[in-house]
Structures are given as structure tokens and as C-alpha cells.
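A.B. asks: I would like the atomic coordinates for the input below:
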Amino acid sequence: MTDAESSQPPASPPAVPGSPSPELRASDADRERVAEVLREAMAEGRLDMDEFNERVDAVYRARTYGDLAPLTRDLPAAGAAVPKTSLVKRPADGDVTEIDWSERVVVGAEPTSGGAFAFWSGFNRKGGWTVGRVFTSFAMWGGGEIDLREARFAEREVVIRCFTVMGGIQVTVPPELNVTVKGFGIMGGFGDDATGEGTPGSPRVTVTGFALMGGVGVERKLRKAERQRLKEQRRQERLEEREARRLAHQERHQERHELHRRRTEEHHRRTEDRHHGTHGGDGQ
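C.D. replies: Reported below is the predicted structural model:
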């Protein structure tokens, strides 16, 4: 190998796996595969709507593999493993729909309930109830649900005590809440899918207790209003995506129509030229 050959940079990888060269023409199936990667990226929040529309338009205008390559270069491949998304809200998240704790924390307010008990039965505390400094729950051969997503807090430091004997208690908290889980299980489980910081102004909730041959679960879930907002957002994104695809299809149709028109005109022109040439030769 010569020095000149060794100094040459490596060839760029093809835009689509298995394609021999970026100069090869891309098929409709190739464009659809790239568009699917973009749709997944938008659904995961990697692209905003403007970026998505811009890239999808470029996908359907692409003619070669080289045109498609830059559109997904900064995105993971479809189906690739990605880190699990945490529902713990951070102060920098900037979500305008997050909880306003100045309305939820009312220090000195009267608690709605100080505890709950279930024996061969069940209990639940959810909705806009007011949580006091300590809430104690017990379930034996039964179950209970403690939902803090819409709750108000009479104190900035709250302890939720959960005790189960061959029963189960589920504690659900919003993404914006400061939570610490300190319980343990004895021949049972005390699950923790919620420990973490919330947003500024959040009260601190400590979930403690034990589960004897039973289970306690603590997890974060979106509030109903937030789920509805995200559902509406996804619906709107699908509508905009569908409209973008319709416009791209219309543009391709117009391009094909224009190409056909030019070819027809060129054919007529050549036919007329041959016709005039034939008659011109006869007249000589």
C-alpha cells in the first residue's frame, strides 16, 4: 500500500444497512424505514414537532441513501435499547403543567384522615384529600390504596406508615413529589419505584413500615390531567404527522405529474421536428 493510499480517509458508511453505496437510489421502503425511526424519536421526545416535520419532509424528498443518512445520524436505531425513563421530575424540566405546591401545601389544615385499616376487606384514600403529619395504614388479609397525586398536605414533612400481614398496600405518588421509601419486607416485599427529589416547594413524604408475608408498593404515576394532556398531544402529533405525509405524497404526485408533462411535451416536440424534417427533405 502506498503512502497516498494509506492517507486517504475511510469511506463513509452507507445510509441504510446493507446498501453498497450512498449514491444508490433509495426505494419507497427505505424512506418508510427512516420515517419510522423519526416517528419513534418524536414519540420518545428526542425530536420536537418542528424538527420532525422538517426531517420527514426531507425523507420523502430523498433520492439516494446518502440523502437519508444525515436524517437519523444523531438518533438510536429503531428497537435499540435505551435507558429507562424516570418519572422523577427535576427543577429544570420546565413543565408548565406540573403541580403548584403553593396551592397544595396548606400548613395547619385539618387532615381528612389519620389512618386506615382493612381486615378481610379494603380501603382507599385518593382524590383531593388532606394528608396530616402522620398517616398509618394496616392491612391483614386485605388490601389498601393510598393515592397522593391529587392530595393536599397539612405539613411539609409527612410520614406514611404501611403495615401488612398477608395483605397488600399500594402507595401512588405524583412525579413532582419528594419521596423517600424506608420500609422492609419479611417473607414479603416492600417495593420502591419512587424514591427521589421532586420539584421546588414539594413537601417531603417518607413511606415506612413492613410487609409480613405480604407486599407494599410505592410508585410514581402521572396525574389524570397530565395523562389526558399527553394523550391529546400525541393525538395532535399524529394528525400533524398524517398531514405532513399527505403533503409529501401530494408533492411527489405533483413532481411525477410535472415530469410526465415535460416528457410528453418533449415527445411532441421531437415528433414535430421529425415531421418537419421529413417534409423539408421532400421539398428539396
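A.B. asks: Show residues contacting the helix or strand hosting residue 118.
C.D. replies: Using DSSP states H and E, residue 118 sits within strand 113-119. Applying C-beta atoms under 8 Å, 6 or more residues apart in numbering, the external contacts of strand 113-119 come out as 123, 125, 129, 132, 134-144, 146, 167. Just so you know, the C-beta spots here come from the backbone N, C-alpha and C atoms, and that holds for glycine as well.
A.B. asks: Give me the buried entries from those residues.
C.D. replies: 123, 125, 129, 132, 135, 137-140, 142-144, 146, 167 (16 or more other C-beta atoms under 10 Å).
A.B. asks: Between the residues you listed, which sits nearest residue 256?
C.D. replies: residue 146 (61.7 Å; C-beta to C-beta).
A.B. asks: Neighbouring strands of the one helix or strand the closest one maps to in the sheet, and parallel or not?
C.D. replies: Residue 146 belongs to strand 143-147 when elements are defined using DSSP H and E. Strand pairing for strand 143-147, using DSSP bridges, gives strand 122-125 (parallel), strand 168-173 (parallel).
A.B. asks: Pick the most buried one from those.
C.D. replies: strand 168-173 (a mean of 23; mean count of other C-beta atoms under 10 Å).
A.B. asks: And the average pLDDT for it is what?
C.D. replies: Averaging pLDDT along strand 168-173 yields 93.
A.B. asks: How about stretch 41-56?
C.D. replies: Taken as a whole, stretch 41-56 has an average pLDDT of 70.
A.B. asks: now stretch 211-221
C.D. replies: 91.
A.B. asks: Can you give me the buried ones in stretch 248-256?
C.D. replies: For stretch 248-256, by 16+ other C-beta under 10 Å, it's residue 248.
A.B. asks: which residues touch that stretch?
C.D. replies: With C-beta under 8 Å, 6+ apart as the test, stretch 248-256 has contacts from 56-57, 59-61.
A.B. asks: Output it as PDB, nothing but the C-alphas.
C.D. replies: Output of stretch 248-256 as PDB, limited to C-alpha atoms (Å, rounded to 0.1, in the frame of the first residue of the first chain):
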ATOM      1  CA  ALA A 248     -45.300  15.000   1.000                       C
ATOM      2  CA  HIS A 249     -47.300  12.500  -1.100                       C
ATOM      3  CA  GLN A 250     -49.100  15.300  -2.900                       C
ATOM      4  CA  GLU A 251     -45.700  16.900  -3.600                       C
ATOM      5  CA  ARG A 252     -44.400  13.700  -5.000                       C
ATOM      6  CA  HIS A 253     -47.500  13.300  -7.100                       C
ATOM      7  CA  GLN A 254     -47.100  16.800  -8.500                       C
ATOM      8  CA  GLU A 255     -43.500  16.100  -9.300                       C
ATOM      9  CA  ARG A 256     -44.400  13.000 -11.200                       C
END
